[in-house]
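Asker: pasting the sequence and the predicted coordinates here, then a few questions.
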Amino acid sequence: MPSLIDIRRRIRSVKNTQQITKAMKMVSAAKLRRAQDRALAARPYAAMLQRILANVAEAAAQGGGADHPLLAVRPENRILAVVITADRGLAGGFNSNLLRLAQRFVDEHRATELTFEVIGKKARDYFRKRGGRIRGEHIDIFRKLRFENAEAIADTVIDLFAKSEIDAVYLFVNEFKSVLASKLTATRLLPIEVPKSGQPVDYIYEQTPEELLGSLLPRYVKMQIYRALLESEAAEHAARMTAMESATKNASEAIDRLTLYMNRVRQASITREIIEIVSGAAALE
């Protein structure tokens, strides 16, 4: 049976841990509001860009000039996987669930030449430990996430695909769904699958549709990567806030159990001492 000193020391340790988890929850809650606003604000722009792209692509196809290097469909013998995780843990299943999804993709494509563009320390460490071919790594970009970060990644991916060094690009990300849940997604980024326009809009073009399509396609890729980064950032803070709230609650329950156990041990110790005193007095009579 542990002594009272050991139990008090353990209670003090749990209380210190509880203060840390409570502080981390408050920090993530403060960061979540801004990250959530940025992620939600990017969605309408991305949806509008997708509709414009569909209409321009349809107009270019009617003119017979819809060919573009980013639309080229080839047998997927060389695949680049862009995996977005966090730089830190303590976020519940945020990183592990996404890495399991990426690992299933790896297992299903053993016959292909698979390389990785990893964003976040967790993804880098995971694939480095397993001998994955990491073409590029991007660490600590979530400290101050800007569009230029996504643009640099997109330029690299576009250049590799346009030069036929890779045949397809897949994007793995946690999309922000709510504070309590995120959505695991694995989408093909390249070649671009131009969406169908439900109700075509008759634009008045200063450029030809073909020239406009050529400028829209790279921008579309950049926006998709930037939106994925924003979604991942919001989902990470939501997951960490939820995990730290759960950890704080568990610490409170552990403190209550330890306090109750400590009182029982102290009561047993007092009872034992009283019995010893009474027994000693009876022996002296």
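Answerer: Ah, there it is. Note that the structure is predicted; figures quoted are calculated from it, not measured. Numbers count the residues shown, from 1 in each chain.

Asker: first to last residue in stretch 86-101, what's the distance?
Answerer: End-to-end span of stretch 86-101 (Cα to Cα, to the nearest Å): 15 Å.

Asker: ok, residues contacting it?
Answerer: Stretch 86-101 is contacted by residues 24, 83-85, 120-123, 126, 139-140, 142, 172-174, 182, 184, 186, 232, 235-236, 239-240, 242-244, 246 when judged by Cβ atoms under 8 Å, 6 or more residues apart in numbering. Placement of C-beta: from N, CA and C, glycine included.

Asker: for stretch 25-37, same thing?
Answerer: 176, 179, 230, 233-234, 236-238, 240-241, 244-245, 248.

Asker: also stretch 167-187?
Answerer: Residues from elsewhere that reach stretch 167-187, judged by Cβ under 8 Å, 6+ apart: 32, 35-36, 39, 74-84, 94, 97-98, 101-102, 105, 157, 161, 188-191, 224-225, 228, 231-232, 234-236, 238-239, 241-242.

Asker: what's the ChimeraX syntax to select whichever of those are buried?
Answerer: Filtering the contacts of stretch 167-187 down to the buried ones (16 or more other Cβ atoms under 10 Å) takes a single ChimeraX command:
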select :32,35,36,39,76,78,79,80,81,82,83,84,94,98,101,102,105,157,161,189,190,191,224,225,228,231,232,234,235,236,238,239,241,242
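
Asker: restricted to strands, list the contacts of stretch 167-187.
Answerer: Members of the contacts of stretch 167-187 lying in strands (criterion: DSSP state E): 78-84, 188-190.

Asker: max pairwise distance over these: which two?
Answerer: Arg78 and Ile84 (20.7 Å; Cβ to Cβ).

Asker: next, count neighbours for Ile7.
Answerer: 19 (other Cβ atoms under 10 Å).

Asker: spell out which helix or strand contains it, please.
Answerer: Ile7 belongs to helix 4-62 when assigned by DSSP states H and E.

Asker: next one: Ala254
Answerer: Taking DSSP H and E as the criterion, Ala254 maps to helix 209-284.

Asker: so that helix versus strand 78-84, what angle?
Answerer: Compare the direction of helix 209-284 with that of strand 78-84 by axes from the mean of the first three to the mean of the last three Cα atoms, to 10 degrees and you get 50 degrees.

Asker: tell me what angle helix 209-284 forms with helix 4-62.
Answerer: 170 degrees.

Asker: now do helix 209-284, average pLDDT.
Answerer: The pLDDT scores in helix 209-284 average 85.

Asker: Met262 against Leu4, yeah?
Answerer: Yes - Met262 is in contact with Leu4 according to Cβ atoms under 8 Å; the separation is 6.4 Å.

Asker: okay, those two: which has more neighbours?
Answerer: The neighbour count for Met262 versus Leu4, taken as other Cβ under 10 Å, is higher for Met262 (17 against 12).

Asker: quick one: buried residues of stretch 8-20?
Answerer: 10-11, 14, 17-18.

Asker: again, but for stretch 184-200
Answerer: 184, 189-192, 194, 197.

Asker: now the helices for the stretch 51-200 of the chain?
Answerer: For the stretch 51-200 of the chain, applying DSSP state H, counting those that start in this stretch gives helices covering 94-108, 121-129, 147-162.

Asker: in the last one, what counts as buried?
Answerer: The one in question is helix 147-162. By 16+ other Cβ under 10 Å, the buried positions in helix 147-162 come out as 149-154, 156-158, 160-161.

Asker: which other residues reach that helix?
Answerer: Under the criterion Cβ under 8 Å, 6+ apart, residues 69-70, 80, 82, 117, 119, 135-136, 138, 141, 166-167, 169, 189-191, 218, 221-223, 225-226, 229 lie in contact with helix 147-162.

Asker: make it 6 Å
Answerer: Applying Cβ atoms under 6 Å, 6 or more residues apart in numbering, the external contacts of helix 147-162 come out as 69, 141, 166, 169, 190, 218, 221-222, 225-226, 229.

Asker: what's the ChimeraX line that selects buried ones from those?
Answerer: Selection of buried members from those for ChimeraX, criterion 16+ other Cβ under 10 Å:
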select :141,166,169,190,218,221,222,225,226,229
